[in-house]
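Q: sequence-free structure coming up:
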């Protein structure tokens, strides 16, 4: 249960850091420091998820630790990475496929499908058994999370119809999709994943109690993040409404 170094998972983090450093240097001071700090925080969260004991404990002992790792990889790290991006930074990657995948009609159902499929016991257990499958799981969690936040926060211009009101509604979908899954774990009467049933008991937690802790962590984290983004979008919506009202009331 020590620290681990997995090149298969750390190499993309290093590549992303190198790409971002190159773009920031080429753009000069036009990239606000808060964006750079946010992007680096997102990458730091990935490193924490991959190299700290959270990784080994989550693989071998505790579902709740594994859930915490997945929340870092699939939700928090993508959120901060996307907050660190804008169209100028992404210019070399502005390809049609990226715009299609970042469309809300694609990104939201893709994120939900990815979240639910990887928590089916057959796929979840396969990821625990095989390092390559585990790396694929993590890569898809991060990618789908990044597409989700790209659609909602729009570092790239989104569809005209997908204004702030629609983004608030989409955020509700995110909360429901994640909340339902977290409640499945929180209120289940039996553990779903055999590797944790047969794992050594840690901190006196039974497999079922551990699973419920994992569900509670997921519900708490998603509720806090969704609430924070909801407030941010809501304030933006109010500012937009005030701006439109001033335009209507201004003399011709």
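A: Looks like it arrived, so ask away. In this text the structure is predicted, and so the values were computed from the model without any measurement. Numbers count the residues shown, from 1 in each chain.
Q: in the stretch 1-150 of the chain, where is pLDDT below threshold?
A: 1, 94-96 (pLDDT under 70).
Q: for the residue most central in space within the chain, which residues are in contact?
A: Residue closest to the average C-alpha location in the chain (CA atoms, centre = their mean): residue 75, at 2.0 Å. By CB atoms under 8 Å, 6 or more residues apart in numbering, residue 75 lies in contact with 145, 221, 222, 225. C-beta here means a position set from N, CA and C on the backbone, and glycine is covered the same way.
Q: how many neighbouring residues does the first one have?
A: What it means is residue 145. 25 (other CB atoms under 10 Å).
Q: hmm, residue 80 and it touching each other?
A: No - with contacts counted by CB atoms under 8 Å, residue 145 stays clear of residue 80, the gap being 10.7 Å.
Q: ok now the longest helix anywhere in the chain, how far from the chain's centre?
A: In the chain, with assignment by DSSP state H, the single longest helix is helix 207-249. Centroid displacement of helix 207-249 relative to its chain, using CA atoms, centre = their mean, to the nearest Å, is 14 Å.
Q: so for that helix, mean pLDDT?
A: On average, the pLDDT along helix 207-249 is 86.
Q: which helices and strands does it pack with?
A: The helices and strands touching helix 207-249, judged by 3 or more CB pairs under 8 Å, 6 or more residues apart in numbering; DSSP states H and E, are helix 63-71, helix 131-153, helix 164-187, helix 194-197.
Q: quick check: buried residues in the longest one?
A: Same thing as helix 164-187. Of the residues in helix 164-187, 164, 167-168, 170-171, 174-175, 177-179, 181-182, 185-186 count as buried by neighbour count, 16 or more other CB atoms under 10 Å.
Q: turn those residues into JSON lines, including pLDDT.
A: Shown next, in JSON lines, are the buried residues of helix 164-187 (pLDDT from 0 to 100):
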{"residue": "164", "pLDDT": "84"}
{"residue": "167", "pLDDT": "91"}
{"residue": "168", "pLDDT": "90"}
{"residue": "170", "pLDDT": "94"}
{"residue": "171", "pLDDT": "93"}
{"residue": "174", "pLDDT": "95"}
{"residue": "175", "pLDDT": "94"}
{"residue": "177", "pLDDT": "95"}
{"residue": "178", "pLDDT": "94"}
{"residue": "179", "pLDDT": "94"}
{"residue": "181", "pLDDT": "96"}
{"residue": "182", "pLDDT": "96"}
{"residue": "185", "pLDDT": "96"}
{"residue": "186", "pLDDT": "94"}
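Q: put together CSV for these, with distance to residue 89 on each row.
A: CSV is the format used below for the buried residues of helix 164-187 (distance: CB to CB, whole Å):
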residue, distance to residue 89
164, 23
167, 21
168, 26
170, 23
171, 24
174, 24
175, 28
177, 29
178, 28
179, 32
181, 32
182, 33
185, 37
186, 38
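Q: and stretch 143-150, how far out from the chain's middle?
A: For stretch 143-150, the distance to the chain centre is 7 Å (CA atoms, centre = their mean).
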